[in-house]
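In: From the sequence below, what's the structure:
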Amino acid sequence: MNLIWRFYLDQNRQWRWQHLAFNLDVVAESSKSYKEYEDCVEGARAQGYVCLPSQTMQAKARGHVRTRW
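Out: Below you'll find the model as predicted:
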């Protein structure tokens, strides 16, 4: 399953997307550029992009919690 998507500005300051394999080979890329980032994301969604919320890096307390005085 390929889960890496890249959104970037090209040399004309227009948004483009790429779908990458885990070894960073390009699987698919936008055939056109977009003036607005949101339009670029919509174009990628039409090709299978799914936006997942980021995972937090906060540690969960387990059992006894030490406090410093």
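In: Next, count neighbours for residue 13.
Out: Using other C-beta atoms under 10 Å, residue 13 has 8 neighbouring residues. The way it works is simple: take the backbone N, C-alpha and C, and place the C-beta from them, glycine included.
In: Quick check: residue 41 is in a helix.
Out: Yes. Secondary structure of residue 41 (DSSP: H, G, I helix; E, B strand; the rest coil): part of a helix.
In: and it, what does it touch?
Out: Going by C-beta atoms under 8 Å, 6 or more residues apart in numbering, residue 41 touches 7, 17, 49, 51.
In: Also residue 51?
Out: Taking C-beta under 8 Å, 6+ apart, one finds 41, 45 in contact with residue 51.
In: Is it in a helix, a strand, or coil?
Out: Residue 51 ends up coil, using three-state DSSP.
In: how about the contacts of residue 41, which pair is most distant?
Out: By the measure C-beta to C-beta, 17 and 51 form the most distant pair in these, at 12.0 Å.
In: Check the offset of stretch 28-44 from the chain's centre.
Out: Centroid separation between stretch 28-44 and its chain, computed with C-alpha atoms, centre = their mean, to the nearest Å, is 13 Å.
In: With stretch 6-17 instead?
Out: Distance, centroid of stretch 6-17 to centroid of chain: 14 Å (C-alpha atoms, centre = their mean).
In: Tell me which residues of it come out buried.
Out: For stretch 6-17, a neighbour-count test (16 or more other C-beta atoms under 10 Å) marks 15-17 as buried.
In: and of those residues, the nearest to residue 38?
Out: Using C-beta to C-beta, residue 15 comes nearest to residue 38 of those, at 8.9 Å.
In: Which parts of this protein are strands?
Out: With DSSP state E as the criterion, the chain has strands at 4-9, 15-20, 26-29.
In: by how many degrees do the first one and strand 15-20 diverge?
Out: Looking back up the chat, that one is strand 4-9. If you take axes from the mean of the first three to the mean of the last three C-alpha atoms, to 10 degrees, strand 4-9 sits at 160 degrees to strand 15-20.
In: mind showing which ranges of the chain have poor pLDDT?
Out: 1-2, 57-69 (pLDDT under 70).
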